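Trainee: Fold the following and give me the result.
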Amino acid sequence: MNRSRIVLLALASLALGGCAHVQPWEHAALTGYKMNRARDPIKTASEEHVYFSREAATGGQGVGGAGCGCN
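Mentor: Predicted structure coming up:
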């Protein structure tokens, strides 16, 4: 009984740990330059090329192709 309570408490804390209420005036900070993962378009393109070459598939990142790696 005690172990199940601990597991339940741990799962609840993990599920609720990432919840946050963002005020309307804070939205601009979340869409800023620093929050963009693709700040450098050349680096992003090269990382996507390496990833899709290793996976031998395309798609999911706005890249066209048939999935055979021959784009």
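Trainee: from here on, contacts and neighbour counts on C-alpha atoms
Mentor: OK.
Trainee: Could you name the helices and strands sitting against the lowest-mean-pLDDT helix or strand in the chain?
Mentor: Sorting the helices and strands of the chain by mean pLDDT, DSSP states H and E puts helix 27-30 at the bottom, at a mean of 80. Under the contact criterion of 3 or more Cα pairs under 8 Å, 6 or more residues apart in numbering; DSSP states H and E, helix 27-30 touches no helix or strand at all.
Trainee: Quick one: distance of that helix to the chain centre.
Mentor: Helix 27-30 sits 17 Å away from the centroid of its parent chain (Cα atoms, centre = their mean, to the nearest Å).
Trainee: Low-confidence ranges, this structure, go.
Mentor: For the chain, the stretches with pLDDT under 70 are 1, 57-71.
Trainee: give me the element the residue nearest the centre of it is part of.
Mentor: Geometric centre of the chain, nearest residue: residue 37, 9.1 Å, by Cα atoms, centre = their mean. Using DSSP states H and E, residue 37 falls within no helix or strand.
Trainee: Next, work out how far apart it and residue 24 are.
Mentor: Distance from residue 37 to residue 24, counting by Cα to Cα, to the nearest Å: 22 Å.
Trainee: picking that back up, next one: phi and psi at the residue nearest to the centre of the chain?
Mentor: When read as degrees, to the nearest 10, the backbone of residue 37 gives phi -70, psi -30.
Trainee: how near is it to residue 27?
Mentor: 17 Å.
Trainee: can you check residue 49 too?
Mentor: 32 Å.
Trainee: the more surrounded of the two?
Mentor: Each of residue 49 and residue 27 has its neighbours counted (other Cα atoms under 10 Å); residue 49 has more, 15 against 10.
Trainee: Pull out the buried residues from whichever helix or strand that one is part of.
Mentor: When elements are assigned from DSSP H and E, residue 49 belongs to helix 41-55. The neighbour-count check on helix 41-55 (16 or more other Cα atoms under 10 Å) flags residue 52 as buried.
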